[in-house]
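J.: Model the structure of this input:
(one chain, ligands or ions: 1)
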Amino acid sequence: MSDEPLKLRYYGDPVLRRKATPVAGVTPEIRELIRGMFECMYRERGVGLAAPQVGVSQRIFVVDVEEEPGERKKLALVNPVMTKRSGSIVEEEGCLSIPGIHADVKRFEEVVFEALDEEGAPVTVRGRKLLARALQHELDHLDGVLFIDRLSAIRRKLLESKLARMRFGDEEREARATGATPSL
Ligand code: ZN
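T.: Okay, here's the model as predicted:
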């Protein structure tokens with residue numbers, strides 16, 4: 001793999017709509033990809049990033065969130081599956097690949113994920129609050145789903161012209177995530 005930093009893909013890029021394929025094995029190349037994904041996520045000031053967002057259609061994502069104040073969860077998950085879910089909560093979220101758009105999205109309040117970690121070992125991750133939201137947002141990316149797909153029809157309609165401009169690359173892009181809303 002080259003030393004070129006991974007580039008973020010934006011709304012309108014077909015890779016964001018593709019269903020990502022399972023990872024066959026956690027090889028040194030996969031670990032290198034994960035390292036690059038963390039780097040890209042921190043550079044863009046996001047708290048989560050899925051492989052399709054850097055143009056790689058494989059089932060991998062990374063997150064680094066504070067689940068509780070001072071309780072930081074930095075995780076790389078390979079072939080993640082959501083095995084438990086409960087409750088529901090509406091909060092604002094954003095996506096690094098759709099800069100400048102934030103909206104309230106309903107998510108499960110608590111989730112359990114099974115996956116492989118960056119060493120290829122099986123892990124179980126319990127997520128609440130922002131971690132639960134991040135896990136669900138990133139899993140959606142692996143299935144070609146974006147958070148705007150989960151908005152009400154009315155809310156989506158309001159965003160339509162902004163999204164259309166973005167699709168054609170005319171929209172000014174914020175250089176980095178800003179503000180209090182988590183970008184994932
Ligand atoms: Zn996203």
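J.: give me the number of residues near the closest residue to residue 136 other than its chain neighbours?
T.: The shortest distance from residue 136 to any non-neighbouring residue, by CB to CB, 6 or more residues apart in numbering, is to residue 107 (5.0 Å). C-beta: built from backbone N, CA, C; applies to glycine. Other residues near residue 107 number 21, with proximity taken as other CB atoms under 10 Å.
J.: what do you get for residue 71?
T.: 10.
J.: Just to check, residue 9 is in contact with residue 57?
T.: No: Residue 9 is not in contact with residue 57 according to CB atoms under 8 Å; the separation is 10.5 Å.
J.: list residues touching both of those two?
T.: Contact criterion CB atoms under 8 Å, 6 or more residues apart in numbering; residues shared by residue 9 and residue 57: residue 15.
J.: ok, now which ones touch the residue nearest to residue 136?
T.: So residue 107 contacts 88-91, 132-133, 136-137 (CB under 8 Å, 6+ apart).
J.: how about a cut-off of 10 Å?
T.: Contact analysis of residue 107 by CB atoms under 10 Å, 6 or more residues apart in numbering lists 85, 87-91, 93, 132-137, 140, 147, 150.
J.: Please apply the same query to residue 120.
T.: Residue 120 makes contacts with 23, 25-27, 30-31, 78, as judged by CB under 10 Å, 6+ apart.
J.: Give me the below-cutoff pLDDT ranges for this structure.
T.: Applying pLDDT under 70 to the chain flags the ranges 1-2, 168-179.
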